[in-house]
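Engineer: sharing a model prediction with you, sequence too.
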Amino acid sequence: MQVTPDEFDGVLRRRLAAWAVDALLLLVLSWLVWGGAALLAMMTIGLVGGLLLLPWALLLPILYGTLSIASPLSATPGQALMGLAVRSELDGSAPTLGQAFTSTTLYALSIAAGGVPLLAPLFSHRRRTLHDLFSGTLVLRSATLARRASTKPSSTRGLAAEDG
């Protein structure tokens, strides 16, 4: 199955909007986790106070992204809301847990590097970030995937095509 460049139209804008939704959800989730950990620490008179020392700012986004992308939805809640899905580049299937973890961890490292690696989609006709390239994933519009599923031939080829 070949993916044409026009199938990536609008993906970058949708990814930015998805990021905003996911950031808001992570903010709320962070408040709940920190509040729960603080409440638990107070209820146990500090015995589980070590939970407050965990690097939640790094762990929570990686868990959120990995478990969301590796789920049957194949997208974070923000991506799903914006009509996007993550797929394996090789065969177009849902990404594996390893691909989801690699993508999410490299994304976190891109943020830690000041976001400079996140400029890669501006130079790629497939609008792929570096964490997409290194994890072997593509972010496509869900409508494209639905259209492909309705016209799927008997043999399946990968989504691989050159980036440039």
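Structural biologist: Ah, there it is.

Engineer: I'd like the distance between the closest residue to residue 33 other than its chain neighbours and residue 131.
Structural biologist: Leaving aside its sequence neighbours, residue 33 sits nearest to residue 56 (CB to CB, 6 or more residues apart in numbering; 5.7 Å). All C-beta atoms are positioned from the backbone trio N, CA, C, and that covers glycine. Distance, residue 56 to residue 131, using CB to CB, to the nearest Å: 21 Å.

Engineer: what do you get for residue 79?
Structural biologist: Separation of residue 79 from residue 131 (CB to CB): 14 Å.

Engineer: neighbour-wise, which of the two wins?
Structural biologist: Neighbours per residue (other CB atoms under 10 Å) separate residue 79 from residue 131, with residue 79 holding more: 25 against 21.

Engineer: would you confirm that the more buried one contacts residue 137?
Structural biologist: No - applying CB atoms under 8 Å as the test, residue 79 and residue 137 come out as separate, 11.6 Å apart.

Engineer: residues shared between the contacts of those two?
Structural biologist: Common neighbours of residue 79 and residue 137, using CB atoms under 8 Å, 6 or more residues apart in numbering, are residue 86.

Engineer: show me where pLDDT drops low in the chain?
Structural biologist: Scanning the chain for pLDDT under 70 picks out 1-7, 146-164.

Engineer: try 90
Structural biologist: Applying pLDDT under 90 to the chain flags residues 1-12, 33-59, 89-92, 111-113, 115-128, 138, 140-164.

Engineer: hey, where'd the helices end up in it?
Structural biologist: For the chain, the helices defined by DSSP state H occupy 11-43, 56-69, 77-81, 97-112, 130-135, 142-150.

Engineer: most distant residue from the centre of this protein?
Structural biologist: residue 45 (37.9 Å; CA atoms, centre = their mean).

Engineer: and it, how far is that from residue 53?
Structural biologist: 17 Å.

Engineer: not counting sequence-adjacent ones, nearest residue to residue 69?
Structural biologist: Nearest residue to residue 69, sequence neighbours excluded (CB to CB, 6+ apart): residue 100, at 3.8 Å.

Engineer: so what's the one you found up against?
Structural biologist: So residue 100 contacts 65, 66, 67, 68, 69, 70, 86, 135 (CB under 8 Å, 6+ apart).
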